[in-house]
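> Below: sequence and its predicted model.
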Amino acid sequence: MTFDYFTIQALAAEIAEYMGGRQIERAHTRGGQLAFGGRDMWCWAEGGRDGILCLREETWPRDWTAGDGAEKYLIRARIVDVESERVERILRLRLERSDRSGRASYGVLVCELIPNKIQFVLHREEGAEILGVWGGRKGSPAVGDIYQPPESAGRWVPGADTSELWVAQRTAGGEELEKIARRRFAGADAAVVGELRYRAGGEQGLWPTAVEVYAAAIDMGGYAWEEGGRSRFSGLEPRRLQGACQFYDRISQAIWIARERQGAQRRKQRQIQQVRGRLKQVLKNSRRRLESMQRELSEAEQADDCAKKGNILLAYLDQVPGGSSQFELPDIYDPQGQTTLCIALEPTRSAAENAARYLKAVKKYQRRQRELPPRLRELNKQCCLFERWLAAVDADAWRDDLALRDWLEHKGTRAMEQRQKAGPSAHPRRYRTTSGWSVWAGRNNKENDVLTHKMSAQNDLWFHAHGYPGSHVVLRREGRKEEPDKRALEEAAAVAAYWSKGKTAKKVSVVYTLVKYVTKPRGGAPGQALLKREKSLVVEPGLLAEDDAVA
């Protein structure tokens, strides 16, 4: 929001007309915002990057009351003079206030309408002691300091200042005339200089046109329009727009309309950014899942090879020595019986266990071959849909897409907000003991935290390999009142040992306790835990049957 020379002059005329000579009955302040005036007409001052100053002709809000801040000095003060500086973007309100004995004192409310750092300073006229600051910026004066006006920017008022300044600046270097005008003309911005250039018919006539425009009479009216994707206002008519603007009898109306439009534009941009960001994230996640599923489907091509190795091991169980990492056996699928096959083994497992491992992998790979292709097709369709929606958002045509709006309502931004409130989610590995108890194991440190502190009941049993980094494992009661038997405890402990750095050891010590006795140290890293009343088991690392999980 930019206050140019013509806006400030029109605003000074308007405030003088409507508030000059009147007593301030009410005042209210909130942060960098200040309001003061009467019941039906008051001045709204808001500091900061996009601060504004304008009159509001409406009923004073009931919940606005004066506090103990500097606004108390404004109540019962009379505005005796409104003055605008011609060179700098400053407007001053001279205030008179009488004490109980009738003795008058004077103060000045300085409105510094400098782009990107608008602020308002109330100070005593005599001595210039600062009584209040609204919309302060870095380096702003404080209450009690002596007010110092902003440093002069060395600008000119065409007509009041001579053309020699303009000529000297033109001949000093090769700078474009428009840049000189914007830097040197009082209260000029890109819109003002663009208007002067349009009226002049080019750069050469800038100075005489500026003299004419700056010397014209200023009234209280103003204009509001859209240009370059921004809402603008000015006391200078933008003739270059060929009537594509709105005129208001009072400059404050134009200022307020532009402010409301700018707010709507920013809300729209935030919404677009939110929608675009959400779509980019789900597209990225979908593509990542797509790549992962494609890799898993490629791995599933090993099903026949695993079946072959598993059956060969079963055929030669008595010939495979223990502790081997690989062993070469005759290929029973070769009709000639002349070829052999080198089979990789886990040294800690017997030949039968290695055969079972291969045959279990066959089932896993066959399940992938059965279940992944339709899921891949569906995921590809989703990626194409998200890409189309992103293109619609970039073209600002997404609001007409009912499918996208429905997705945003039920699965997009609102669902994301709900998940953020609910906290992080997790997908732990799931197993089932031989007696039917459910065992869950975290996949990483963050998921360990969620599993332990978000997904588990207080009386579930918690397991962790002692002395080794590893998964948090939870034996879930799921409403059961009976205690798990010893075998269920040992099987859950074996899972905790397996998903730890001690999985290659023959025996691992595993501690366990109730979830309610597990806490996270303050400021601790993900996965860290403190526990009480723990017990321990020594078990051999091992896994259980998966509980309806797709590997």
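Okay, I see it.
> C-terminal to the one helix or strand residue 447 maps to, what's the next element?
According to DSSP states H and E, residue 447 maps onto helix 445-453. Using DSSP H and E, the helix or strand that follows helix 445-453 in sequence is strand 461-465.
> Just checking: what are the partner strands of that next one?
Note on strand 461-465: by DSSP bridges, its sheet partners are strand 473-476 (antiparallel), strand 508-514 (antiparallel).
> out of those strands, deepest packed?
Mean neighbour count, computed with mean count of other Cβ atoms under 10 Å, is highest for strand 473-476 among the strands paired with strand 461-465, reaching a mean of 26. C-beta here means a position set from N, CA and C on the backbone, and glycine is covered the same way.
> hey, where'd the strands end up in the stretch 1-150 of the chain?
Secondary structure of the stretch 1-150 of the chain (DSSP state E, counting those that start in this stretch): strands at 26-30, 33-37, 42-46, 52-56, 78-84, 90-98, 104-112, 119-124, 130-134.
> Select, out of the strands paired with strand 461-465, the one closest to residue 215.
Judged by Cβ to Cβ, the one of those that comes nearest to residue 215 is strand 473-476, at 82.7 Å.
> what does the closest one rub up against?
Strand 473-476 has contacts (Cβ atoms under 8 Å, 6 or more residues apart in numbering) with 428, 433, 437-442, 451-452, 455-457, 460-464, 484, 488-489, 492-493, 495-496, 499, 512, 515.
> These, buried ones only, as a PyMOL selection?
Per 16 or more other Cβ atoms under 10 Å, the buried members of the contacts of strand 473-476 correspond to this PyMOL selection:
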select buried, resi 428+433+437+438+439+440+441+442+451+452+455+456+460+461+462+463+464+484+488+489+492+493+495+496+499+512+515
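> was I right about residue 51 contacting residue 135?
Yes. Between residue 51 and residue 135 there is a contact under Cβ atoms under 8 Å: 5.3 Å.
> Neighbour count: these two, which is higher?
Each of residue 51 and residue 135 has its neighbours counted (other Cβ atoms under 10 Å); residue 51 has more, 25 against 22.
> coming back round to it: which neighbours do residue 51 and residue 135 have in common?
Residues touching both residue 51 and residue 135 by Cβ under 8 Å, 6+ apart: 32, 45, 118, 119.
> and which of those residues is nearest residue 20?
Distances from residue 20 to these, taken by Cβ to Cβ, are shortest for residue 45, at 16.6 Å.
> What does the pLDDT read for that closest one?
We have a pLDDT of 95 for residue 45.
> In contact with the closest residue to it other than its chain neighbours: list those residues for me.
Spatially, and ignoring its direct neighbours in sequence, residue 45 is nearest to residue 34 (4.4 Å; Cβ to Cβ, 6 or more residues apart in numbering). Going by Cβ under 8 Å, 6+ apart, residue 34 touches 27, 28, 44, 45, 46, 71, 120, 134.
> can you list the domains in the protein?
The chain breaks down by automatic domain parsing into domains covering 5-134, 171-261, 285-422, 429-546.
> could the ones you listed go into a markdown table alongside distance to residue 156?
Below are the domains of the chain laid out as a markdown table (distance: least, Cβ to Cβ, whole Å):
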| stretch | distance to residue 156 |
| --- | --- |
| domain 5-134 | 8 |
| domain 171-261 | 5 |
| domain 285-422 | 42 |
| domain 429-546 | 60 |
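> weakest of those domains in terms of mean pLDDT?
Among the domains of the chain, domain 285-422 scores lowest, at a mean of 87.
> okay, now residue 175: neighbour count?
11.
> Next, it: secondary structure please.
Put simply, residue 175 is coil when judged by DSSP: H, G, I helix; E, B strand; the rest coil.
> For it, which non-adjacent residue is closest in space?
Leaving aside its chain neighbours, residue 175 sits nearest to residue 169 (7.8 Å; criterion: Cβ to Cβ, 6+ apart).
> After the helix or strand containing that neighbour, which helix or strand is next? Please name it.
Using DSSP H and E, residue 169 sits in helix 163-172. Using DSSP H and E, the helix or strand that follows helix 163-172 towards the C-terminus is helix 177-184.
> hey, which helix is longest across the chain?
Counting by DSSP state H, the longest helix found in the chain is helix 251-299.
> for residue 309, what are its contacts?
341, 343, 358.
> close enough to count as contact, the last one and residue 307?
Yes. Counting by Cβ under 8 Å, residue 358 does reach residue 307; the two are 7.4 Å apart.
> more crowded one of those two?
residue 358 (22 against 18).
> other SSEs contacting the helix or strand hosting that one?
Using DSSP H and E, residue 358 sits in helix 351-394. Under the contact definition 3 or more Cβ pairs under 8 Å, 6 or more residues apart in numbering; DSSP states H and E, helix 351-394 sits against helix 251-299, helix 303-315, helix 402-410.
> switch to 10 Å and redo it
Counting contacts by 3 or more Cβ pairs under 10 Å, 6 or more residues apart in numbering; DSSP states H and E, helix 351-394 packs against helix 251-299, helix 303-315, strand 326-330, strand 340-344, helix 402-410, strand 545-546.
> Quick one: classify residue 318 as helix, strand or coil.
helix.
> residues contacting it?
Taking Cβ atoms under 10 Å, 6 or more residues apart in numbering as the criterion, residue 318 is in contact with residue 351.
> Tell me how far it lies from residue 352.
Distance of residue 318 to residue 352, given as Cβ to Cβ, to the nearest Å: 10 Å.
> Just the pLDDT for residue 151.
pLDDT recorded at residue 151 is 86.
> For it, what is the enclosing helix or strand?
Here residue 151 is assigned to no helix or strand, by DSSP H and E.
> Run a quick neighbour tally on the closest residue to residue 314 other than its chain neighbours.
Excluding the flanking residues, the one nearest residue 314 by Cβ to Cβ, 6+ apart is residue 355, at 4.9 Å. Applying the criterion other Cβ under 10 Å, we find 23 residues in the vicinity of residue 355.
> and what of residue 295?
10.
> one step back: quick one: work out the angle between the longest helix of the chain and strand 52-56.
Per axes from the mean of the first three to the mean of the last three Cα atoms, to 10 degrees, the angle that helix 251-299 makes with strand 52-56 is 120 degrees.
> Could you number the chain from 588 rather than 1 from now on?
Taking 588 as the first residue, the last one we looked at is helix 838-886.
> about what we covered before: would you mind putting the helices and strands packed on helix 938-981 into a markdown table with distance to residue 1125 alongside?
What follows is the helices and strands packed on helix 938-981, written out as a markdown table (distance: least, Cβ to Cβ, whole Å):
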| stretch | distance to residue 1125 |
| --- | --- |
| helix 838-886 | 35 |
| helix 890-902 | 30 |
| strand 913-917 | 30 |
| strand 927-931 | 29 |
| helix 989-997 | 50 |
| strand 1132-1133 | 23 |
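> Just say which of those is most tucked in.
helix 890-902 (a mean of 18).
> Could you tell me the angle between that one and strand 913-917?
Going by the same axes, to 10 degrees, helix 890-902 makes 80 degrees with strand 913-917.
> any idea how far helix 890-902 is from the chain center?
Helix 890-902 has its C-alpha centroid displaced from the chain centroid by 53 Å (Cα atoms, centre = their mean, to the nearest Å).
> repeat for stretch 886-904
Taking mean C-alpha positions (Cα atoms, centre = their mean), stretch 886-904 and its chain are 52 Å apart.
> now the end-to-end length of stretch 1019-1028.
11 Å (Cα to Cα, to the nearest Å).
> do stretch 634-646 as well
22 Å.
> Would you indicate which residues of stretch 974-986 are buried?
Those would be 976, 977, 979, 980, 985, for stretch 974-986 by 16+ other Cβ under 10 Å.
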